[in-house]
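[1] model this:
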Amino acid sequence: MRVYNYDPITKEYVGYSEADHDPIENPDRDEEGVFLIPANATPIKPPDAKANNIRVFVNGAWGYVHVDAPQDPPSSEPLPPTAAQVDAERNRRIDQGFFFQGVQYQSDNDARENIAGAAQAAFGAMVLGGAGAGNLRWSDPDKDFQWIATDNQRISMDAPTMYAFGLAAMSHKSSHIFAANDLKKMNPIPEDYASNPAYWPSV
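    Residues are numbered from 1 along each chain as shown. Presented below is the predicted three-dimensional model:
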């Protein structure tokens, strides 16, 4: 007989195993006879797995709880994703990097702060110093201004390019914020909010 195992503390489904025949009550090993059901197991089959949900066995029945709220009472039906889960996916996508002029750059919080500061300096160099296209020494007269890409190559940028780079970084973040906002307005939030690229801007 197949039985379905669950964690003794969290009650989360962890897999299945085969129960042994009861040697006293079922010596003939009858498949319709008595079996030894181990602790933290049940012959009741769990429901289908659903995204963003954990299957738990509580009070003799299977149910669903949110992955980010496993302490909540279980529901008999799968629970839709939460706004907090959408926000977490938004932040992950913002931090995973973006492409500018065919090159991928980092975009975690520190990178975005550095890009914003350099873009502001580039704007000042253009407005106050007349730094134009092709002038790679707008920041330092002794060396070209460069930015390190995700693959560790150094990309030279003049002031207009650096300023456009900053705008691209800002657009990368803001487009994901608005995409997440659109998702959170849906009722319910789609189960495939994290995996379906149609809900998110390309990088």
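
[2] looking at this structure, which helix or strand does the model trust least?
    Every helix and strand of the chain was ranked by mean pLDDT, DSSP states H and E. The lowest is strand 20-21, at a mean of 88.

[3] For that one, enumerate the helices and strands it packs against.
    Helices and strands touching strand 20-21, by 3 or more C-beta pairs under 8 Å, 6 or more residues apart in numbering; DSSP states H and E, are strand 35-36. Any C-beta I mention is one placed from the backbone N, CA and C, and that applies to glycine too.

[4] any idea how far residue 93 lies from residue 107?
    Here the criterion is C-beta to C-beta, to the nearest Å. By it, residue 93 lies 9 Å from residue 107.

[5] Then residue 150?
    9 Å.

[6] Those two - which one has more neighbours?
    residue 107 (23 against 15; other C-beta atoms under 10 Å).

[7] In which helix or strand does that one reside?
    Per DSSP states H and E: residue 107 is located in neither a helix nor a strand.

[8] for residue 13, same thing?
    With DSSP H and E as the test, residue 13 turns up in strand 13-18.

[9] list the buried ones in that strand?
    residue 13 (16 or more other C-beta atoms under 10 Å).

[10] what does that strand contact?
    Where contact means C-beta atoms under 8 Å, 6 or more residues apart in numbering, the residues beyond strand 13-18 that reach it are 1-7, 38, 41, 46, 54-57, 62.
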